[in-house]
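Participant: Sequence first, then the predicted structure:
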Number of protein chains: 2
Amino acid sequence: MTEKVLNALREVVGEKNLLAGSDDRRAYDNDVIGKHEGHSWAVAQPATTTEVSEILKLAHLHGIPVVPQGGNTGLAGGASPGAGANQIILSLARMNKITEINADTRIARVEAGVVLEKLHNAAAEHDLIFPLFFGARGSCMIGGNLSTNAGGSNVLRYGNTRALVLGVEVVLADGRVLNLMSELLKDNTGYDLKDLFIGAEGTLGVITGAVLKLFPRPSAYATAYLAMGNMADALSLLRSLQDLTGNAVEAFEYMPAGYFKDYVKKYPDCRAPLKNPDKVNILVEVGASSALLARPDSSGRAAVHGVLEETLAKLVEEGKISDAVVAQTDAQRLAFWHCRESAFELSTMYGPMIDHDISVPLGKVDTFLREMRRRLPEIAPEARDCVIAHLGDGNLHYSVVPAENHDGIDPALAENVTSLVEDVIAELNGSFSAEHGIGLSKRPSMARRKDRPALDVMKEIKHALDPKNIMNPGKVLP
Amino acid sequence: MTEKVLNALREVVGEKNLLAGSDDRRAYDNDVIGKHEGHSWAVAQPATTTEVSEILKLAHLHGIPVVPQGGNTGLAGGASPGAGANQIILSLARMNKITEINADTRIARVEAGVVLEKLHNAAAEHDLIFPLFFGARGSCMIGGNLSTNAGGSNVLRYGNTRALVLGVEVVLADGRVLNLMSELLKDNTGYDLKDLFIGAEGTLGVITGAVLKLFPRPSAYATAYLAMGNMADALSLLRSLQDLTGNAVEAFEYMPAGYFKDYVKKYPDCRAPLKNPDKVNILVEVGASSALLARPDSSGRAAVHGVLEETLAKLVEEGKISDAVVAQTDAQRLAFWHCRESAFELSTMYGPMIDHDISVPLGKVDTFLREMRRRLPEIAPEARDCVIAHLGDGNLHYSVVPAENHDGIDPALAENVTSLVEDVIAELNGSFSAEHGIGLSKRPSMARRKDRPALDVMKEIKHALDPKNIMNPGKVLP
């Protein structure tokens, strides 16, 4: 690693777009959650695919590791330099153009550095949505969304990020540019390379552009909180609503009973949406994107409200819902979502937790929770769980608070708890990584738990596409 | 290749499941359309994944090429031995168990040799559908459907085969078994290997099992033929119907004006569904899988009928539809589909044709047809086109009849025509292979037209996973 290489990089991106000073690099070297620190050698900020290609050619020639980075909002350390030495961070932030929005064919063409919310706003001008929604939308970037196959609360209706992508442009480890920027709905010309790069967290190449699907913006939303006695009834309600509305359920989010008390404790000015929470508490939202659901009923409201209310009323009558409240105004709907989206802030009230982003088959969320409550006390008698779930996807954010008023996590305990979580997950054919990716933090789980031949095949592919191991080394694969 | 290997194979699958005589092999050596002939060395019919693994270990050890085969209904020769020598055909036909249908979580677990229609029937018992439909459904097999990422007329609503698959089991070239039989909706544990094997036509491994998504069976269908003056109006109608019904349009099929005259010529006992065809003739079907669309209206019919009729009536009034007929009974609906599904039989009336299975971006179907009509006469003055399209997917079955009453295809002409089709496709960022796969017949197109770095990456992956090139050699990659 010499000044000569640094100068060559400067020539590619321009003097001011090559950050070599440690102050300049700080925001890139450390991640937002303060979990993954590192020290890069330099941060390169290319403005075009050609510049990305030139950077990778140089890196390939000199064997310099490259860490692609978007908004640096990931939770698993996939965009952090980590412990590796002499790495270049390749920031996509300057490649932030929305090249095209076609309202007729409902597609968007974007560069990888476009901030998610910028695309939301651009789509909204055409009454369309790009249906990927989560907390970091104001700073995360499309390239990172694709590289981690990001999830969120709308996956239930629109699928993971993968399902929203028609085409990608990728720069390979040696600088070759892969043009897969197709907007075709049917294309069987050889292997599906697109999906190989989506979710690969930059270890096989750098995603520099994408063709994305847009969807009509629902003209109305019916949103409610409900308290139910058990998970099976909740899932049966979800199925009914899906069948009734033609899969228009946008979110089906689970919160435990204690959540609402903590919410008003954290936000004394806010009201708990549910006064009498039960074992299973659900935030449900149905979007009226079909005209049938949007049509005004006799009272002038969109039909979607009546559909939701009738369904809930029936279940109240049957004794399956013990409490329910339906948002009557847009403001109330936003307040409902504020409660759900405060999960991260609420979690800071309990001190450090042992976190897990996991998934199980739909019918087995309850089994997982029961099994954990049975076995957790054996290894952590004072611990309690803290669970938020995208229930409709079988995706749980399962955290363990080691004890009340604790002041830190004992690493040995954390390892035991995680090991137990992974045991139960394995017994239920679940996944130890649902939507946040592997990055740095879940590599040990990959080593322990991933199907061995699958891991071998991943390594064989990695070696074939990046023989010098310069693409985000130390991430994803153990 | 010795008697010793043959005996080892016999030991794996049992004497009667190893076909070595040429009469026994005939149905496997030749494809249904009589386009691809070949001579295998033997046909092995394993009954379990373990047997498949044992066969591949032997093949790997001795360097024997293996051609995986399901129902042998493919149109591109992907399951044929072709010109290669000393190949084993690995028939999945005995692995024909539906292991599980879970009506609650709406998934099916199947072995690769399950005939598609068998799965249709099994799902129907639970009022569910597996929404992959095309002519060969009575004999094609799930493993082949996945390996070719098959299409059909329901892709518009439910996606390509790829979109219907949650998990797969794959035996690799050296016999290792990859267990990716997940039913999870969110799983980010490393690279997306599943999608790499789907559509790889058996060149990277053998798919032996799958976890598939099932969907509620629409309780009613509204089906119509319409005659329209131009493609833009047709696409705008499709968009309206999608927005109105929440994407419940199941099929949107294009036929040219001459189609209906030929239909009654071929089937004198049948009536042409459209009396006055126009430039753009569409078979449209909307499925009432949501209760809203299924609800009876004041006349007792499912609401979906009213929705379709009102939409069409408005366009008739605006002069955008010149003729329309809506199916009033189930029998009439089936008659409508008989007309559409006779495309293959009708095509035999014109003698041999130069076929293409292509796709273009949604808005460009018309541009493609106009461009071809302008340029085709330059190289084939007596030729005319014969087009059937899954219009909602931008997928055209574009055939060229070289001349009326011709008695064969001049190979030089065929090459020129295909070259022109590919030129126009390339100009429009379309695909030279939409839903039938590459197999043997489209390898020259892959060589000529596929993005060069993409082709290189495919070869690198193929070499990494199958270094001895025993998996379906000579297919897909040029």
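Facilitator: Structure received.

Participant: Please read off the pLDDT at the residue nearest to A:S80 when sequence neighbours are not counted from the model.
Facilitator: With sequence-adjacent residues excluded and distances taken as Cβ to Cβ, 6 or more residues apart in numbering or on different chains, A:S80 is closest to A:H36, at 3.9 Å. No exception for glycine: its C-beta is placed from N, CA and C like everyone else's. Per-residue confidence (pLDDT) for A:H36: 85.

Participant: A:H36 reaches A:N30, doesn't it?
Facilitator: Yes: at 7.3 Å, A:H36 and A:N30 qualify as touching, with contact defined as Cβ atoms under 8 Å.

Participant: Touching both of these two, which residues are there?
Facilitator: A:S80 (Cβ atoms under 8 Å, 6 or more residues apart in numbering or on different chains).

Participant: quick one: the residue nearest to A:S80 from A:G21, how far?
Facilitator: Distance, A:H36 to A:G21, using Cβ to Cβ, to the nearest Å: 21 Å.

Participant: one step back: neighbours around the residue nearest to A:S80, how many?
Facilitator: Residues within reach of A:H36, counting by other Cβ atoms under 10 Å in any protein chain shown, total 23.

Participant: you'd agree it is in a helix?
Facilitator: No: A:H36 sits outside any helix when classified using DSSP: H, G, I helix; E, B strand; the rest coil, being coil.

Participant: In contact with the residue nearest to A:L465 when sequence neighbours are not counted, which residues are there?
Facilitator: Nearest residue to A:L465, sequence neighbours excluded (Cβ to Cβ, 6+ apart): A:L204, at 5.1 Å. Taking Cβ under 8 Å, 6+ apart as the criterion, A:L204 is in contact with A:V170, A:L172, A:A173, A:L196, A:F197, A:I461, A:K462, A:L465, A:D466, A:M471, B:Y191.

Participant: Can you give me the distance of A:V286 to A:G246?
Facilitator: As judged by Cβ to Cβ, A:V286 and A:G246 stand 10 Å apart.

Participant: hmm, I was thinking of A:Q45
Facilitator: Going from A:Q45 to A:G246 by Cβ to Cβ gives 45 Å.

Participant: Now the residue sitting furthest away from the middle of chain A: phi and psi?
Facilitator: Most distant residue from the mean C-alpha position of chain A: A:S298, 39.9 Å away (Cα atoms, centre = their mean). A:S298 adopts backbone torsions of phi -60, psi -30, taken as degrees, to the nearest 10.

Participant: quick check: domain ranges of chain A?
Facilitator: According to automatic domain parsing, chain A comprises the domains A:3-91, A:98-216, A:221-342, A:351-434.

Participant: Would you mind finding the most buried of those?
Facilitator: Among these, domain A:98-216 has the highest mean neighbour count (mean count of other Cβ atoms under 10 Å in any protein chain shown), at a mean of 22.

Participant: now it: how far from the chain's centre is it?
Facilitator: Centroid separation for domain A:98-216 versus its chain: 13 Å, with Cα atoms, centre = their mean, to the nearest Å.

Participant: Between the two ends of it, what distance do you get?
Facilitator: For domain A:98-216, the first-to-last residue distance is 19 Å (Cα to Cα, to the nearest Å).

Participant: What mean pLDDT does it get?
Facilitator: What domain A:98-216 shows for mean pLDDT is 96.

Participant: what's the span of stretch A:41-55 from first residue to last?
Facilitator: End-to-end distance of stretch A:41-55 (Cα to Cα): 14 Å.

Participant: near chain B, anything from that stretch?
Facilitator: No: using Cβ under 8 Å from any Cβ of the partner chain, stretch A:41-55 stays clear of chain B, with a minimum separation of 10.6 Å.

Participant: Next, find the distance separating the residue nearest to A:L465 from A:I321.
Facilitator: A:L204 is 47 Å from A:I321, by Cβ to Cβ.

Participant: One more: A:L90?
Facilitator: Going from A:L90 to A:I321 by Cβ to Cβ gives 51 Å.

Participant: do A:A220 as well
Facilitator: Using Cβ to Cβ, A:A220 is found at 22 Å from A:I321.

Participant: before we move on, what about A:F252?
Facilitator: A:F252 is 14 Å from A:I321, by Cβ to Cβ.

Participant: Could you do A:E371 as well?
Facilitator: Look at A:E371 and A:I321: by Cβ to Cβ, they are 26 Å apart.

Participant: so who does the residue nearest to A:S80 touch?
Facilitator: Residues near A:H36 by Cβ under 8 Å, 6+ apart: A:N30, A:G77, A:S80, A:G82, A:G439, A:L440, A:S441.

Participant: all strands of the stretch 1-150 of chain A, in order?
Facilitator: Per DSSP state E, counting those that start in this stretch, the stretch 1-150 of chain A carries strands over the ranges A:18-19, A:42-44, A:66-69, A:88-91, A:98-102, A:107-111, A:128-129.

Participant: Mind putting the ones you listed into a markdown table with distance to B:V325?
Facilitator: Compiled in a markdown table, the strands of the stretch 1-150 of chain A are given as follows (distance: least, Cβ to Cβ, whole Å):
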| stretch | distance to B:V325 |
| --- | --- |
| strand A:18-19 | 67 |
| strand A:42-44 | 63 |
| strand A:66-69 | 56 |
| strand A:88-91 | 59 |
| strand A:98-102 | 33 |
| strand A:107-111 | 33 |
| strand A:128-129 | 34 |
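
Participant: closest to A:N230 out of those strands?
Facilitator: Taking Cβ to Cβ, strand A:128-129 is the member of the strands of the stretch 1-150 of chain A nearest to A:N230, at 33.4 Å.

Participant: Give me the residues contacting the top helix by length along chain A.
Facilitator: When chain A is parsed with DSSP state H, its longest helix is helix A:411-427. Helix A:411-427 is contacted by residues A:354, A:356, A:358, A:360, A:368, A:371-372, A:375-376, A:379-380, A:383, A:398, A:400, A:402, A:430-432, A:445, A:448-449 when judged by Cβ under 8 Å, 6+ apart.

Participant: And for stretch A:7-15?
Facilitator: A:L18, A:A42, A:A44, A:Q45, A:P46, A:A47, A:E51, A:E54, A:I55, A:L58, A:I88.

Participant: hmm, 6 Å instead?
Facilitator: If you take Cβ atoms under 6 Å, 6 or more residues apart in numbering or on different chains as the criterion, stretch A:7-15 is touched by A:L18, A:A44, A:Q45, A:P46, A:E51, A:E54, A:I55, A:L58.

Participant: Touching, the second one and A:L56? I think so.
Facilitator: Spelled out, that is A:A44. No: shown here, A:A44 and A:L56 do not form a contact pair, counting by Cβ atoms under 6 Å, at 10.1 Å.

Participant: picking that back up, need the contacts of A:H36 in CSV with distance to B:S347, can you?
Facilitator: Output for these, formatted as CSV (distance: Cβ to Cβ, whole Å):
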residue, distance to B:S347
A:N30, 64
A:G77, 57
A:S80, 58
A:G82, 60
A:G439, 53
A:L440, 57
A:S441, 57
